[in-house]
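[1] Generate coordinates for the sequence data below:
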Amino acid sequence: MQGTEDTGPAGERAGGPDAARGAEGVAPGQDQADGQDAARTTDDQAHRPGHPHEDHGPVRYGPPAPDPGLPVLPELAAVLAAASARTRPEPPGGGPVLREAARGYWDRRGLHGAAGGIAAAPGAQPLLLALIGAHGGDVLMPRPCPAAWMPQARLLGRPAYHVPTPAECGGIPDPYALLETVRRVRAEGGRPKLLLLSVVDDPTATVAPPELVREACEAAVDEGLHIISDETWRDTVHRPRDTVLLSPAEMCPDDVTVIADLSGALVPAAWPVAVARFPDTPRAAVRHARTLDILTAFGALVAGPVAHAAAHALGEPDSVRDRIRRAAALQTEVAAAAHRAVLGSGALARPPQAGRHLYADLGPLRSRLADLGVTDSMELEEYLTDRLGAPAPGGHRFGDELGALRVRLGTGPLLGATPQQQTESLAAAKPLEVPHVARALDGFAAVFAELR
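    Take a look at the predicted model:
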């Protein structure tokens, strides 16, 4: 078993030719054969007839998180501006004010602990890289998963394995597939030690049912795996009163580290900051110290003004709570309309339950797409990005097979092209009737109607 093998029913390699093509470049720990496949893909794409675009294969072209499509909250902008004279970064892992704010944020969500068990970094990527580095062994993750996860493991030279997800949702591994993956990895000399998951998921925009979360976490803990639960999107759930969201840390408090990129719902992506909550155990204290050492070595320190604004947002004053609520309600309407347009074309997609995106499978439209020269997810990404005028990353970015015609569709661009339009969308009682939103949705639907 190679260190990037998928152990699902078909047994495809996550790091083989299909996934390497357009998903990641060569990094330390990546098989030489994988690197050759990626290089061949780059060369093939550059010389593909009628292919006008620059190669988008290497990691640096990976997709950003879905755009919220909303202006900065004025109160947060004022807080950042007031701290703009701060010239020193935060200490490694964040200063006491930021860490205490993160502790309070999680305490209000039922995850109790001390500020000493918090670590902050300038974004989820450096924080996750430090966390993986602080743990030994091989890494497991669901398929599909956030675009940055596999490159993080490869950068550290860690063998990483994709595990299929259940039919009901993305973000968590099917518990039986997880057990089989662990068994096979160990039988071939591997050391599975770490499981990454996201109960509220990018790219699928689903919320995992509590019973499936429990089964997956119990299977992982029984096999001696530590869990990193990415809860970046938990505050973007569309219908929070109708959705039961269970954090793995509520069930397995000694075996779960929680991370959250605050760009999910609290601050703009241009102000990079993420926080991690460690378990309250001696072993976790050692890993916390290792994480701080790695962040220090990277120089991954949160900027002083950003930390001030992040601490304010984590405190959740009324204005922040109101923005979170209104943004989720807006996305509930707009994402549902986009979902209807996708289904109307004959494509498949789970109903979006969170975030500002949906994950569509255009497999049923394969014949029509082939007539347009679209035969894989890389070509689908380019076709839809051109037609929609907004990023539409293909499923290969998230670990899905290149031949599967899957794509993540962002809904943020549908909210308006200017801060004034976006603010109008946010304030509207019936956002689908706002003229610029209606026009954007009509254009979105027309692109998919052409594929029927």
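[2] So which residues of the stretch 351-452 of the chain form strands?
    With strands called from DSSP state E, counting those that start in this stretch, the stretch 351-452 of the chain shows them at 357-361, 406-410.
[3] any idea which of those strands is most buried?
    strand 406-410 (a mean of 27; mean count of other Cβ atoms under 10 Å). The C-beta positions use only the backbone N, C-alpha and C, and glycine is treated the same way.
[4] so what secondary structure elements neighbour that strand?
    strand 357-361, helix 377-388 (3 or more Cβ pairs under 8 Å, 6 or more residues apart in numbering; DSSP states H and E).
[5] Can I get the ones you listed in JSON lines including distance to Ala300 and mean pLDDT?
    Listed next are the helices and strands packed on strand 406-410 as JSON lines, based on distance: least, Cβ to Cβ, whole Å; pLDDT from 0 to 100:
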{"stretch": "strand 357-361", "distance to Ala300": "27", "mean pLDDT": "98"}
{"stretch": "helix 377-388", "distance to Ala300": "30", "mean pLDDT": "97"}
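[6] Which of the strands of the stretch 351-452 of the chain sits closest to Ala270?
    In terms of Cβ to Cβ, the element of the strands of the stretch 351-452 of the chain nearest to Ala270 is strand 406-410, at 16.7 Å.
[7] could you give the mean pLDDT of that closest one?
    The average pLDDT for strand 406-410 rounds to 98.
[8] 27 is where my numbering starts, stick with that
    Okay, using 27 as the starting number, the last item reads as strand 432-436.
[9] Please settle this for me: is His188 part of a helix?
    No: under DSSP: H, G, I helix; E, B strand; the rest coil, His188 sits outside any helix and is assigned strand.
[10] burial of it, as a residue count?
    Residues lying near His188 (other Cβ atoms under 10 Å) number 29.
[11] Not counting its neighbours along the chain, what's nearest it?
    Nearest residue to His188 in three dimensions, chain neighbours excluded: Arg169, at 3.7 Å (Cβ to Cβ, 6 or more residues apart in numbering).
[12] export the strands of the stretch 377-478 of the chain to JSON lines and tack on distance to Leu271?
    Output for the strands of the stretch 377-478 of the chain, formatted as JSON lines (distance: least, Cβ to Cβ, whole Å):
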{"stretch": "strand 383-387", "distance to Leu271": "18"}
{"stretch": "strand 432-436", "distance to Leu271": "21"}
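[13] ok, how many other residues are close to the residue nearest to His188?
    Every residue meeting other Cβ under 10 Å relative to Arg169 is counted, giving 24.
[14] can I assume it is in contact with His422?
    No: Arg169 is beyond contact range of His422, at 11.3 Å (criterion: Cβ atoms under 8 Å).
[15] got any residues that touch both of these two?
    Shared contacts of Arg169 and His422 (Cβ atoms under 8 Å, 6 or more residues apart in numbering): none.
[16] which stretches of the chain aren't confidently modelled?
    27-85 (pLDDT under 70).
[17] Please go through it and pick out the longest helix.
    Ranked by residue count and defined by DSSP state H, the top helix of the chain is helix 344-370.
[18] now it against strand 383-387, angle please.
    20 degrees (axes from the mean of the first three to the mean of the last three Cα atoms, to 10 degrees).
[19] If you count neighbours, what's buried in helix 344-370?
    346, 349-350, 353-365, 367-368 (16 or more other Cβ atoms under 10 Å).
[20] ok, now stretch 246-266?
    246-247, 249, 251-264, 266.
[21] Check stretch 219-236 too.
    219-235.
[22] distance between the ends of that stretch?
    From its first residue to its last, stretch 219-236 covers 23 Å (Cα to Cα, to the nearest Å).
[23] Which residue is the nearest non-sequential neighbour of Pro172?
    Pro172 sits nearest to Asp228 (Cβ to Cβ, 6+ apart), 5.1 Å away.
[24] show me what contacts the one you found?
    Counted by Cβ under 8 Å, 6+ apart, Asp228 has contacts 91-92, 172, 258-259, 381, 383, 434.
[25] Would you verify that it is located in a helix?
    No: with three-state DSSP as the criterion, Asp228 is assigned coil and is not in a helix.
[26] how near is Arg352 to Asp397?
    42 Å (Cβ to Cβ, to the nearest Å).
[27] again but with Arg180, I slipped
    36 Å.
[28] And for His188?
    On the measure of Cβ to Cβ, His188 and Asp397 end up 31 Å apart.
[29] And Ala336, by the same measure?
    In terms of Cβ to Cβ, Ala336 sits 49 Å off from Asp397.
[30] okay, these two: which has more neighbours?
    Using other Cβ under 10 Å, the more surrounded residue of Ala336 and Asp397 is Ala336, with 30 against 9.
[31] wait, the more buried one sits on Val123?
    No: in this structure Ala336 lies outside contact range of Val123 using Cβ under 8 Å: 9.7 Å.
[32] List phi and psi for the residue nearest to His188.
    The phi/psi pair for Arg169 (degrees, to the nearest 10) reads phi -130, psi 120.
[33] Report the beta-bridge partners for it.
    For Arg169, the beta-bridge partners are Pro190 (DSSP bridges).
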